[in-house]
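In: predicted structure and sequence below. I'll ask about it afterward.
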Amino acid sequence: MRQIALFTAAVAALLLAGCATREVDYQGEGEGVIGAGVRVQATLETPSVGTGGGEDAADDPAIWVGDRPVVIMGTTTPGFVAGTDKKAGLYIYGFDGAVLQFMPEGLLNNVDAIDGLAVSGRPQVVLGASDRTPGREGVSLYLFDPAATGQNGVRPWGAIRTDVVEPYGFCFARRGNEIHAILVGHEGEVRQFVLTADAAGQPVSREVRRFDIGTISEGCAADDATNALYLAEENVGVWRYGLDPASGDARTLIQGIETDRLVADAEGLTILADGEARYLIGSSQGDSAFPVWRIDGAAPEYKGRFVVEDGVVDGVTGTDGLAALGGRVSDAFPEGVVVVQDDVNDVGTQNFKYIDWRVIKAALGL
């Protein structure tokens, strides 16, 4: 009997483990469900993803803008939007939505970008993406040289390899002069690293913190101005941790799963600075809405939600990842832009939509 009981327990554990790594689709993801919130429209969109994968696989964007125009693959642009195709690799887009570059880099899920790191004596923009490609699990790293010209583009740099079985969420953070890379595993494992470059120009990572969120998690956004790290536990809510590794796993739930506020899955997170004000924007994937909190005060203050309806381009449903940048981005986005993944695109496969921050601000009365 004891052997039977042990065998039964082992089978149950395997079944639970299998269920734990399954991504659950909730109402709204692919269903076109639109919840409560002020209505806005996107300004433009990217082409459908699928150059390498041919499937609905757009997942997460990141935005970078320099102090002066840069050249990417022969095109002069203020900066770029990076977007993952989690079946195939990494896209680099302009602020008109056009594809500037595609890198067939495998199963990349979440991406972020940060500047301020010198590699071999040259300031570089660093991109990092959670990588689920078998044998490459961890964070794949890329560089962009803002001073180069011609066919200059994003190029592979190296990787941070970890013990996380299924890398999922990812974000960069700045702490003083340090650049931190924060990886979130599918089951809520968090690994925080300090990223540097050695004398040979190769990436060096040092783990400075690890903790568990609890259950399936992905969204990650760091705010160095308030020393906060925001993480989304998909079926629980949005947590605020300290960005300082010494803060350990202490946390505060700023928003639990709640009808007309944050509907499971709680997905992507991003931070936008607008003058002195700082906002956290999330994806309420279960009802295709985007809650907004002001986070520069003593405690996060909920400011409302927006949804993206049909307009010049089609509306947005079931968003996985999103990114935002305040201040001047381009002529089309003089005060900032929010870029969101769209689960159900009207033509072709999934893509990314660009929304003028001025439109969102006006709609929410910010």
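Out: The structure has been received and is ready for your questions. Residues are numbered from 1 along each chain as shown.
In: so where's the protein shaky on pLDDT?
Out: Low-confidence segments of the chain, defined by pLDDT under 70: 1-32, 51-55.
In: what about the helices in it?
Out: Secondary structure of the chain (DSSP state H): helices located at 2-20, 357-364.
In: can you work out which other helices and strands pack against the shortest one?
Out: This points to helix 357-364. If you count contacts as 3 or more C-beta pairs under 8 Å, 6 or more residues apart in numbering; DSSP states H and E, helix 357-364 packs onto strand 38-41, strand 266-274, strand 301-309, strand 336-342. Where you see a C-beta, it was placed from the backbone N, CA and C, and this is true even at glycine.
In: want to throw these into TSV with distance to residue 256?
Out: Shown next, in TSV, are those (distance: least, C-beta to C-beta, whole Å):
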stretch	distance to residue 256
strand 38-41	22
strand 266-274	9
strand 301-309	12
strand 336-342	23
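In: so which of those strands comes closest to residue 181?
Out: strand 266-274 (16.1 Å; C-beta to C-beta).
In: look up how far residue 201 lies from residue 125.
Out: Here residue 125 is placed at a distance of 15 Å from residue 201 (C-beta to C-beta, to the nearest Å).
In: ok, residue 330 next?
Out: From residue 330 to residue 201 the distance is 31 Å (C-beta to C-beta).
In: what does stretch 229-239 rub up against?
Out: Residues from elsewhere that reach stretch 229-239 (C-beta atoms under 8 Å, 6 or more residues apart in numbering): 169, 173, 182, 184, 188, 190, 213-223, 240-243, 251-258, 262, 264-269, 271, 280, 282.
In: close enough to count as contact, residue 197 and residue 204?
Out: Yes. Contact criterion C-beta atoms under 8 Å: residue 197 and residue 204 qualify, at 6.6 Å.
In: more neighbours: which of the two?
Out: Between residue 197 and residue 204, counting by other C-beta atoms under 10 Å, residue 197 is the more crowded of the two (20 against 13).
In: residues in contact with that one?
Out: Residue 197 makes contact with 117-120, 203-204, according to C-beta under 8 Å, 6+ apart.
In: show me what counts as buried in stretch 208-217.
Out: By 16 or more other C-beta atoms under 10 Å, the buried positions in stretch 208-217 come out as 209-211, 213, 216-217.
In: who touches it?
Out: For stretch 208-217, the external contacting residues (C-beta under 8 Å, 6+ apart) are 20, 23-24, 168-169, 180, 184-194, 231-236, 239, 245, 248-249.
In: for ChimeraX, what selects the buried ones among those?
Out: Only the buried entries of the contacts of stretch 208-217 go into this ChimeraX selection, using 16+ other C-beta under 10 Å:
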select :168,169,180,184,185,186,187,188,189,190,191,192,193,194,231,232,233,234,235,236,239,245
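In: look up the closest residue to residue 270, ignoring the ones flanking it.
Out: In space, and not counting its chain neighbours, residue 270 is closest to residue 324: 4.5 Å by C-beta to C-beta, 6 or more residues apart in numbering.
In: isn't that neighbour up against residue 61?
Out: No. Assessed by C-beta under 8 Å, residue 324 is found out of contact with residue 61, at 9.5 Å.
In: what's the overlap in contacts for the two?
Out: Residues touching both residue 324 and residue 61 (C-beta under 8 Å, 6+ apart) are residue 339.
In: neighbour count for the two, which is higher?
Out: Counted by other C-beta under 10 Å, residue 324 and residue 61 do not tie: residue 61 has more neighbours, with 30 against 26.
In: beta partners for the more buried one?
Out: Using DSSP bridges, the bridge partners assigned to residue 61 are residue 83.
In: ok, back up a step: what subset of the contacts of stretch 229-239 is buried?
Out: By 16+ other C-beta under 10 Å, these give 169, 173, 182, 184, 188, 190, 213, 216-223, 240-243, 251, 254-255, 257, 262, 264-269, 271, 280, 282 as buried.
In: looking at those residues, which are in strands?
Out: 169, 173, 182, 184, 190, 217-223, 240-242, 251, 254-255, 266-269, 271, 280, 282 (DSSP state E).
In: sorry, back to before: residue 125 and residue 201 - which one has more neighbours?
Out: Using other C-beta under 10 Å, the more surrounded residue of residue 125 and residue 201 is residue 125, with 21 against 15.
In: setting aside sequence neighbours, what's the nearest residue to the more buried one?
Out: Nearest to residue 125 is residue 144, by C-beta to C-beta, 6+ apart, at 4.2 Å.
In: what is the neighbour count of that neighbour?
Out: Residue 144 - counted by other C-beta under 10 Å - has 25 other residues nearby.
In: next, the contact list for it, please.
Out: Going by C-beta under 8 Å, 6+ apart, residue 144 touches 64, 70, 72, 80, 113, 124-125, 127, 152-155.
In: now do the buried residues in stretch 145-157.
Out: Residues of stretch 145-157 classed as buried: 145-146, 152-154, 157 (neighbour count, 16+ other C-beta under 10 Å).
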